[in-house]
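S.K.: Pasted the sequence and its predicted model underneath.
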Amino acid sequence: MPFCAAYNEGVRLLRESENAMFKKIMVPFDGSDHARRALEVAKGMVLENSETTLYLVSVTASAVTQSVSGTDGGQQIAGVPMFLAEKEEYKHLVDSVLDQQRQALSAQAGDTLADLGDRVVVDVAVAPSPAEGIVNYAEKNGCDLIVMGRRGLGALRGMLGSVSYGVLHSADVPVMTVK
């Protein structure tokens, strides 16, 4: 079945046989229904080509966002006051938080990833904005296709896919949006 992919230069129809040209498919994932459908589409593409790897990625605004809390006016990361953490300890704490977020992402994706075996990479990107994180991650990891939902669960949910719009206009690789 043919599908459309958007490039900075425009939109073009891709045939099934062209699926073989994609070796690294990235799926930005926030748990929304659109993201789940995008994951299913990308999974199908990965299963059709034994040389393709799926990159399931969540973007967080800060490595410590989900784990920072304030007590008595001071911030903590993983229960350690930030002003007490030395550089190496801080790095270790941030890595620990990112590992927890990767595990949560794997759990959120559930059984969808089970039959992909070692052909799936679950990761967390740290960036100031979701669109920037997606584009930078794809570039840094050599992803040659981004498959994403049109709308997500983020703070800008009501803005008709502002993240997918930003990715479509910034990415140097094809972007497929799934409704």
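M.R.: Arrived safely. Numbers count the residues shown, from 1 in each chain.

S.K.: And the strands in the protein?
M.R.: 3-7, 10-14, 24-28, 53-60, 68-71, 74-77, 80-81, 120-126, 145-149, 175-178 (DSSP state E).

S.K.: Which of those comes out lowest on mean pLDDT?
M.R.: Among those, strand 68-71 carries the lowest mean pLDDT, a mean of 46.

S.K.: For this protein, which residues score under the pLDDT cut-off?
M.R.: For the chain, the stretches flagged by pLDDT under 70 are 1-20, 62-87, 152-161.

S.K.: Tell me which stretches of the protein form helices.
M.R.: 33-48, 87-109, 130-140, 162-170 (DSSP state H).

S.K.: measure Asp115 to Val175 for me?
M.R.: 25 Å (C-beta to C-beta, to the nearest Å). Any C-beta I mention is one placed from the backbone N, CA and C, and that applies to glycine too.

S.K.: quick one, which of those two is more surrounded?
M.R.: Neighbour count, other C-beta atoms under 10 Å: between Asp115 and Val175, Val175 has more, with 24 against 11.

S.K.: For that one, which non-adjacent residue is spatially closest?
M.R.: Ile146 (4.7 Å; C-beta to C-beta, 6 or more residues apart in numbering).

S.K.: That neighbour and Val178 touch, don't they?
M.R.: No: the criterion here is C-beta atoms under 8 Å, and Ile146 misses it with Val178 at 10.9 Å.

S.K.: And these two? Which one has more around it.
M.R.: Legend: neighbour count by other C-beta under 10 Å for Ile146 and Val178, higher for Ile146 (28 against 19).
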